[in-house]
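Undergrad: sequence and predicted model, in that order:
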Amino acid sequence: KAGVTQTPRYLIKTRGQQVTLSCSPISGHRSVSWYQQTPGQGLQFLFEYFSETQRNKGNFPGRFSGRQFSNSRSEMNVSTLELGDSALYLCASSRNRGTGNTIYFGEGSWLTVV
Amino acid sequence: KQEVTQIPAALSVPEGENLVLNCSFTDSAIYNLQWFRQDPGKGLTSLLLIQSSQREQTSGRLNASLDKSSGRSTLYIAASQPGDSATYLCAVYGGNEKLTFGTGTRLTIIP
């Protein structure tokens, strides 16, 4: 069965632009979460979506936003890009929310801001 | 605020040795703990999930233990192989319903 799919895999943007990243969860998974990974800060939680509703949010500025569609696919958007937004953005899905669910990650989207 | 620490940051061992990776967390009010591996430039692969009520989980050559009261988990890898070389991350799922990751241990198995 297909895993978590993220597109695009690599992209380069200029400061001030905005970017949209896409995530298709594993079939049947309803929870999608997003993470930012940088060498300095490690893996940090961005937000979680379940049934098209944001259920939880990390400590990121409002420039970072996301949404989930009725088919559980999710997108995240970063507006007014800054150099510090260069990172690997990882999407993860699980069947449901809560404690007993294994989380499966996609390969990530590498964003470089120049 | 939950903090997760993994020591050492890097570890090199000869092939065939057994090894232990450590993970400690500051808030023992967790629901579960997961171990992941990450290969360079790739996403994370889930290795083991331990619920807070469990003491350990095993999968093949991997065994993870959890001592919630002391805020510690270990990942034991038996008979290490070059293919085990990767960064290993632990993550705790706490009462804030967020997954908090450790900084990882970069493991190199020397053939």
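TA: Thanks, I have it.

Undergrad: what's the distance between residue B:22 and chain A?
TA: Distance of residue B:22 to chain A, given as C-beta to the nearest C-beta, to the nearest Å: 16 Å. C-beta here means a position set from N, CA and C on the backbone, and glycine is covered the same way.

Undergrad: and that residue, that one's in a strand?
TA: Yes: applying DSSP: H, G, I helix; E, B strand; the rest coil, one finds residue B:22 inside a strand.

Undergrad: show the contacting residues for it.
TA: Under the criterion of C-beta atoms under 8 Å, 6 or more residues apart in numbering or on different chains, the neighbours of residue B:22 are B:6, B:7, B:72, B:73, B:74, B:105.

Undergrad: how about a cut-off of 10 Å?
TA: B:5, B:6, B:7, B:8, B:72, B:73, B:74, B:75, B:90, B:102, B:105 (C-beta atoms under 10 Å, 6 or more residues apart in numbering or on different chains).

Undergrad: tell me if I'm right that residue B:96 and residue A:48 touch.
TA: No: contact criterion C-beta atoms under 10 Å: residue B:96 and residue A:48 do not qualify, at 11.1 Å.

Undergrad: which residues are common contacts for those two?
TA: Taking C-beta under 10 Å, 6+ apart as the contact rule, residue B:96 and residue A:48 both touch residue A:56.

Undergrad: now render the contacts of residue B:22 as TSV, adding distance to residue B:34, secondary structure and pLDDT.
TA: As requested, the contacts of residue B:22 are exported to TSV (distance: C-beta to C-beta, whole Å; DSSP: H, G, I helix; E, B strand; the rest coil; pLDDT from 0 to 100):
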residue	distance to residue B:34	secondary structure	pLDDT
B:5	16	strand	96
B:6	13	coil	96
B:7	18	coil	92
B:8	20	coil	92
B:72	15	strand	97
B:73	10	strand	97
B:74	14	strand	97
B:75	11	strand	97
B:90	7	strand	97
B:102	11	coil	95
B:105	15	strand	97
